[in-house]
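Engineer: Sequence first, predicted coordinates after that:
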Amino acid sequence: NRLSLEYGFGFTSTSEGLRRLCAEGAIEIEPKKAMRIPTLSRGAAEDICAVRALVEGEATAYAAQRSTRATVRKLKALITAMDGFLELDSFSRYLKANREFHFTIYGAAEMHLMVPIIEMLWLQVGPLQTYYTPESRQLGHEFHTTIVAAIAANDPEAAKEAMVADIRSGADLLLPFVPE
């Protein structure tokens, strides 16, 4: 009820949203209606990253076959924006642009059943972003240019390989910080 009042949403909408987040593993509802973000074990985080590589790699391969020039232009513009956010040390804006970059690709795949699956995986891996350090933030970003080049060349295998490398690079940076 407090969330509904604080953010101006109806009680039913808030309850339904919380139930969905709980069903997708993004939050846990505890006794007395307390909520918390679940603590990921290293094994669970590794599983999520492995599934992300499979599903997002495949979506990127489809995007390479189906993308338009407009999509490629948008992806290039997002890379430019992300570069600027990194220079400004605006990591929250970088993360927002990074999400838009990835979901622009997944939308271009025109595999509409994949997008909700990918969204669920991103919700579950979201807490790992707290482990990024200022030094690690630029690592992995270099794969974005390779992904776009492969998409522009209509090369599904290269696009998939670059996306998997991007996801694994992020996992390699973050997983050592996740408790066993």
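Structural biologist: Received it, and whenever you're ready, just let me know what you need. Residues are numbered from 1 along each chain as shown.

Engineer: chain center to the host helix or strand of S4: distance?
Structural biologist: Per DSSP states H and E: S4 is located in helix 2-7. Offset of helix 2-7 from its chain centre (Cα atoms, centre = their mean, to the nearest Å): 27 Å.

Engineer: In terms of secondary structure, what does it contact?
Structural biologist: When contacts are defined as 3 or more Cβ pairs under 8 Å, 6 or more residues apart in numbering; DSSP states H and E, helix 2-7 sits against helix 11-23. (C-beta placed from N, C-alpha, C; glycine too.)

Engineer: which residues sit against the helix it packs on?
Structural biologist: Surrounding helix 11-23, the residues in contact under the criterion Cβ atoms under 8 Å, 6 or more residues apart in numbering are N1, L3, S4, Y7, F9, I27, E28, I29, M35, L123.

Engineer: ok, now stretch 153-164?
Structural biologist: Contacts for stretch 153-164 (Cβ under 8 Å, 6+ apart): 53, 56-65, 67, 105, 143, 146-147, 149-151.

Engineer: The same query, at a cut-off of 6 Å, please.
Structural biologist: The contact list for stretch 153-164 (Cβ atoms under 6 Å, 6 or more residues apart in numbering) reads A53, E56, G57, T60, A61, A64, Q65, F143, T146, I147, A150, I151.

Engineer: Then stretch 61-78?
Structural biologist: Stretch 61-78 has contacts (Cβ under 6 Å, 6+ apart) with 97, 100-101, 104-105, 108-111, 148, 150-152, 154-156, 159-160.

Engineer: What residues of that stretch count as buried?
Structural biologist: Neighbour-count burial for stretch 61-78 flags A61, Y62, A63, A64, S67, T71, V72, K74, L75, K76, L78 (criterion: 16 or more other Cβ atoms under 10 Å).

Engineer: got a markdown table for those, with secondary structure and pLDDT too?
Structural biologist: Converted to a markdown table, the buried residues of stretch 61-78 look like this (DSSP: H, G, I helix; E, B strand; the rest coil; pLDDT from 0 to 100):
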| residue | secondary structure | pLDDT |
| --- | --- | --- |
| A61 | helix | 98 |
| Y62 | helix | 98 |
| A63 | helix | 98 |
| A64 | helix | 98 |
| S67 | coil | 96 |
| T71 | helix | 98 |
| V72 | helix | 98 |
| K74 | helix | 98 |
| L75 | helix | 98 |
| K76 | helix | 98 |
| L78 | helix | 97 |
